[in-house]
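In: Predicted model follows, preceded by the sequence.
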Amino acid sequence: MNEPLAERLRPKTLKEYVSQKHLVGNNGALTQSLKQGLIPSMILWGPPGTGKTTLANIIATESGRPFYTLSAISSGVKDVRDVIEKAKQSGGLFTTKNPVLFIDEIHRFSKSQQDSLLQAVEKGWVTLIGATTENPSFEVISALLSRCQVYILNAFDKDDLETLLKRAIEKDELISKKNISLEETTALLRLSGGDARKLLNIFELIISSFEEDNIVINDNVVLDKVQNNTVRYDKTGEQHYDIISAFIKSIRGSDPNGAVYWLARMIEGGEDLKFIARRLLIAASEDIGNANPTALVIANNAFQAVSTIGYPESRIILSQCATYLACSPKSNAAYTAINTAQQKVRETGDLSVPLEIRNAPTKLMKELGYGDNYKYAHNYENNFANQEFLPNEIKSTTFYEPGNNSRENAQREFLKQRWKGKYGY
């Protein structure tokens, strides 16, 4: 039998499905939709090996709908239109059970390919289920995204993965014939990186390496059998997250050497260059911020350039940006400020906007006092008038604390001159 273990164990029903209880548990969003028979078009977003394809199959099966599938890697606009035409004919225009069209790796579809789906989704000719490992906000066109629900699938946790291993030992038609003692799972889980498919593939590889039927599996056995796999960069597994973490922490730690090394590791491993550029954009704001506002401009320009140019020249642009950010002064003051403000919002709820800074576009609003006593800053010396801009319940609360660097020290001095002790400046 050539069918891999992950395929042999693929769940056929929601009852067999492991993990994602927020979607398919008793009160999960998709469970309720299936019960009602109303399945929206959706984007399933999550890491590799979290059951996106399996879930699409189960949705089609349990809702009794025809199922069509395309791979974004090998399909063009003509393929999309052909399968939509077949789906229309099989489902009809006047049935609630329209066919399911599953598109794997939908983030790889070009704009024209995604555009070709719009009418079919809008008219209800198909229920689209797209699977992606990338943030759909960046990779799916807004017109298509607005017509779909986005459901996030999480990487499998330890219990989920161990459940799959036990299921393989007990129920797989080949492996269950052997006498397997699973003594340790740490190495298996670490190598899988939360990817169920990868876990089962590694497990099957180890089992098949034994000629005898009595097999003991522990961490040493696992590492011995698959040690060659641990040195390669896996852009869809644990190293993907570890190396991008090392990259960002090198920038945050002002080490351009570390930054460019981890950048090289990602490039040599085939990492998505736009993913790297997006992380540089985040770092420019989160870790540098107002200590050097130009960093965000450079990072944004780098992202645009990478999107335009592509590999291999983009590696130079990414290197320039990464080393620039590493050599910039650092401040997380803006990042801390929004975190603090959001926490205050969660604690205090929807506080009323003070009347004096409300908009008053109508006569009634003016009569109710909207905008009364508002001081228009430009009518005052230095374009500043001392007034309160926060709700009364949290007035004078400090959220932004400038960092200790030349630019933000200048900001602190500016605020100190304006507010004269208020907010602690």
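Out: Structure received.
In: What residues sit buried inside the strand or helix carrying residue 115?
Out: In this structure, residue 115 is located in helix 111-123 according to DSSP states H and E. Judged by neighbour count (16 or more other C-beta atoms under 10 Å), helix 111-123 contains these buried residues: 113, 114, 116, 117, 120, 121. C-beta here means a position set from N, CA and C on the backbone, and glycine is covered the same way.
In: How about stretch 312-325?
Out: Within stretch 312-325, the residues that qualify as buried by neighbour count (16+ other C-beta under 10 Å) are 314, 315, 317, 318, 319, 321, 322, 323, 324, 325.
In: so for it, what's the average pLDDT?
Out: On average, the pLDDT along stretch 312-325 is 95.
In: Name the next helix or strand downstream of the least confident helix or strand in the chain by mean pLDDT, please.
Out: Using mean pLDDT, DSSP states H and E, the weakest-scoring helix or strand in the chain turns out to be helix 77-91, at a mean of 79. Note on helix 77-91: by DSSP H and E, the next helix or strand toward the C-terminus is strand 100-104.
In: For that next one, give me every contacting residue.
Out: Strand 100-104 is contacted from outside by 39, 52-53, 56-57, 59-60, 63, 65-73, 75, 83-84, 87, 109, 117, 120, 126-131, using C-beta atoms under 8 Å, 6 or more residues apart in numbering.
In: Okay, and which of those residues map to strands?
Out: Under the assignment DSSP state E, the contacts of strand 100-104 contribute 67, 68, 69, 70, 71, 127, 128, 129, 130, 131 to strands.
In: Residue 130 versus the fourth one, what's the distance?
Out: If I follow you right, that is residue 70. Distance, residue 70 to residue 130, using C-beta to C-beta, to the nearest Å: 10 Å.
In: Would you mind telling me which of the two has the busier surroundings?
Out: More neighbours surround residue 130 than the other of residue 70 and residue 130, with 30 against 23 (other C-beta atoms under 10 Å).
In: list the contacts for the closest residue to the more buried one other than its chain neighbours?
Out: Excluding the flanking residues, the one nearest residue 130 by C-beta to C-beta, 6 or more residues apart in numbering is residue 106, at 3.4 Å. Taking C-beta under 8 Å, 6+ apart as the criterion, residue 106 is in contact with 43, 72, 114, 130, 131, 132, 139, 140.
In: Most neighbours of all the residues you listed, which one?
Out: residue 130 leads those on contacts (other C-beta under 10 Å) with 30 neighbours.
In: any weak-confidence spans in the chain?
Out: Low-confidence segments of the chain (pLDDT under 70): 1-2, 90-96, 227-239.
In: rewinding a little: who are the packing partners of the helix holding residue 115?
Out: Helices and strands touching helix 111-123, by 3 or more C-beta pairs under 8 Å, 6 or more residues apart in numbering; DSSP states H and E, are helix 77-91, strand 100-104, strand 127-132, helix 142-145.
In: just to revisit the earlier point, which of the buried residues of stretch 312-325 fall in helices?
Out: 314, 315, 317, 318, 319, 321, 322, 323, 324, 325 (DSSP state H).
In: Test my guess that the last one contacts residue 294.
Out: The one in question is residue 325. No - applying C-beta atoms under 8 Å, one finds residue 325 not in contact with residue 294, separated by 10.4 Å.
In: Next, format the ones in helices among the buried residues of stretch 312-325 as JSON lines and append distance to residue 306.
Out: Formatted as JSON lines, these follow (distance: C-beta to C-beta, whole Å):
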{"residue": "314", "distance to residue 306": "4"}
{"residue": "315", "distance to residue 306": "9"}
{"residue": "317", "distance to residue 306": "6"}
{"residue": "318", "distance to residue 306": "7"}
{"residue": "319", "distance to residue 306": "11"}
{"residue": "321", "distance to residue 306": "9"}
{"residue": "322", "distance to residue 306": "12"}
{"residue": "323", "distance to residue 306": "15"}
{"residue": "324", "distance to residue 306": "14"}
{"residue": "325", "distance to residue 306": "15"}
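In: Closest to residue 146 out of the residues you listed?
Out: Nearest to residue 146 among those: residue 314, at 30.1 Å, using C-beta to C-beta.
In: burial measure for the residue nearest to the closest one when sequence neighbours are not counted, as a count.
Out: Spatial nearest neighbour of residue 314, chain neighbours left out: residue 306 (4.4 Å); criterion: C-beta to C-beta, 6+ apart. Using other C-beta under 10 Å, residue 306 has 23 neighbouring residues.
In: Apart from its neighbours in sequence, what residue is nearest residue 291?
Out: residue 331 (3.7 Å).
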